[in-house]
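Engineer: return atomic coordinates for the entry below.
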Amino acid sequence: MFNIVLGVPEFEKLWNDLLSKYSSNTLSKKEELLFRKLGKAMKKLSNNPKYPGLHTHEIKELTDRYKEKVFQSYLENNTPGAGRLYWVYGPGKNEITVIGVEPHPNDKGNSYKKIALSRKP
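Structural biologist: Next comes the predicted model:
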């Protein structure tokens, strides 16, 4: 089991807002769908980063840029602009830090140059 650390301040705010709305039963349909996708992906990531449905793989271009192994896991598949979680191991033992939440880049050339990730806390 891994503890999920939210390394992107905007993502942490989004997640906390969704949790609050979920607790008060005030999620819109769009928010509810996003909440379910994020929750499901983070739970699977926590239990097994190599879970087949996450399609986790290293993104070499981002690994080279950030000087540590950066992985991408699917939030969804077969959807235009399908969401992706970008993450690294650490900072502590049995921790995974989410350093980005982005739609899948569509252009084939330098697609990952547009991805901006945070650092581990």
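
Engineer: contact partners for F11?
Structural biologist: 98, 100-101 (C-beta atoms under 8 Å, 6 or more residues apart in numbering). C-beta here means a position set from N, CA and C on the backbone, and glycine is covered the same way.

Engineer: now, which of those residues lie within strands?
Structural biologist: Under the assignment DSSP state E, the contacts of F11 contribute 98, 100-101 to strands.

Engineer: and the residue nearest the centre of the chain?
Structural biologist: L85 (2.1 Å; C-alpha atoms, centre = their mean).

Engineer: now the closest residue to N3 other than its chain neighbours: how far from K29?
Structural biologist: Distances taken as C-beta to C-beta, 6 or more residues apart in numbering place E95 nearest to N3, at 5.0 Å, with adjacent residues excluded. Remark: distance between E95 and K29 (C-beta to C-beta, to the nearest Å) = 33 Å.

Engineer: more crowded one of those two?
Structural biologist: Set E95 next to K29 and count neighbours by other C-beta atoms under 10 Å: E95 wins out with 15 against 7.

Engineer: average model confidence for stretch 77-97?
Structural biologist: Regarding stretch 77-97, the rounded mean pLDDT is 86.

Engineer: around the closest residue to N47 other than its chain neighbours, how many other residues sit close by?
Structural biologist: Closest residue to N47 apart from its sequence neighbours, by C-beta to C-beta, 6+ apart: M1 at 6.4 Å. By the criterion of other C-beta under 10 Å, M1 has 6 neighbours.

Engineer: correct me, but M1 touches N94?
Structural biologist: Yes - the criterion here is C-beta atoms under 8 Å, and M1 meets it with N94 at 6.8 Å.

Engineer: hey, what's I96 bridged with?
Structural biologist: Note on I96: beta-bridge partners I4, Y89, judged by DSSP bridges.
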